[in-house]
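[1] Mind folding the following:
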Amino acid sequence: MTQKTDAGTPASKGRSELGIAALLGAAGAVVLLDASRIAAPYSQSDPVGPRTMPLVVGVLLLVSAAALAINVLRGGRGQAEEGEDVDLTHPADWKTVLPLVGAFVLNILLIDAAGWVISGTLLFWGSVWALGSRHYIRDGLVSVGLALATFYGFFFGLGIKLPAGILAGVL
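    Predicted coordinates:
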């Protein structure tokens, strides 16, 4: 005989959140494992090294996973979606999802050969097109601006060189 809750449903029903807790725990373990493999020379002038942030994130993921699991085992449940513009009875809008996935796949395929500015422009433009915008010229100009801003933002702000691709001599 299965144990019933107050609402008369089996006690095991509604515990799908345990899967999310397991996923968070696994992600935390992977982050901690990867962080432990980062080679960082000791520096007396900078006690915070490159392992610090991944270690903090990994520990927070494990703590979140444990807190979620404890909450679920004590009977806590996530609230159902109550957004006023969300109708969960409708199927996925594949006419939007597939072009978005296509824009991301195109970005992945082109980023090394064409470079970030070109692949990023196509990613941004393809995303807004898939989401319904039909202002092609304006969207294209904004997409080029965003791609250039992120390219130079990563380079000057973070010191990370995104692939320049065929624009290597220009950028």
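
[2] Please make it C-alpha for all contacts and neighbour counts, starting now.
    Noted.

[3] Going by neighbour count, which residues in stretch 154-162 are buried?
    Buried residues in stretch 154-162, counting neighbours by 16 or more other CA atoms under 10 Å, are found at residue 162.

[4] May I have it as CSV, with CA atoms only?
    What follows is stretch 154-162 as a C-alpha-only set of coordinates in CSV (Å, rounded to 0.1, in the frame of the first residue of the first chain):
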residue,chain,number,x,y,z
PHE,A,154,35.6,41.0,-24.3
PHE,A,155,39.0,42.2,-25.7
PHE,A,156,39.4,45.5,-23.7
GLY,A,157,37.3,44.7,-20.7
LEU,A,158,38.2,41.1,-20.0
GLY,A,159,41.4,40.6,-22.0
ILE,A,160,39.7,37.7,-23.9
LYS,A,161,40.3,37.5,-27.7
LEU,A,162,37.3,36.3,-29.5
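
[5] Excluding its own residues, what touches that stretch? List them.
    Outside stretch 154-162, the residues within contact range by CA atoms under 8 Å, 6 or more residues apart in numbering are 115-116, 151.

[6] how about low-confidence regions in the protein?
    Counting by pLDDT under 70, the chain shows low-confidence ranges at 1-14, 42-47, 81, 83-84, 86.

[7] if you set the cut-off to 90 instead, what comes out?
    Applying pLDDT under 90 to the chain flags residues 1-17, 38-53, 75-93, 157-160, 169, 171.

[8] all helices for it, in order.
    With helices called from DSSP state H, the chain shows them at 17-36, 52-73, 94-114, 116-130, 136-152.

[9] With mean neighbour count and distance to residue 88 added, can I get those in TSV?
    Converted to TSV, these look like this (neighbours: other CA atoms under 10 Å; distance: least, CA to CA, whole Å):
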stretch	mean neighbour count	distance to residue 88
helix 17-36	17	19
helix 52-73	17	23
helix 94-114	15	15
helix 116-130	23	21
helix 136-152	17	31
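
[10] Tabulate these in a markdown table, adding columns for distance to residue 85.
    Output for the helices of the chain, formatted as a markdown table (distance: least, CA to CA, whole Å):
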| stretch | distance to residue 85 |
| --- | --- |
| helix 17-36 | 24 |
| helix 52-73 | 28 |
| helix 94-114 | 17 |
| helix 116-130 | 19 |
| helix 136-152 | 26 |
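
[11] So which of these is nearest residue 165?
    Ranking the helices of the chain by proximity to residue 165 (CA to CA) places helix 94-114 first, at 4.5 Å.

[12] And that closest one, what does it pack against?
    When contacts are defined as 3 or more CA pairs under 8 Å, 6 or more residues apart in numbering; DSSP states H and E, helix 94-114 sits against helix 116-130.

[13] what angle sits between the helix it packs on and helix 94-114?
    Interaxial angle, helix 116-130 versus helix 94-114 (axes from the mean of the first three to the mean of the last three CA atoms, to 10 degrees): 170 degrees.
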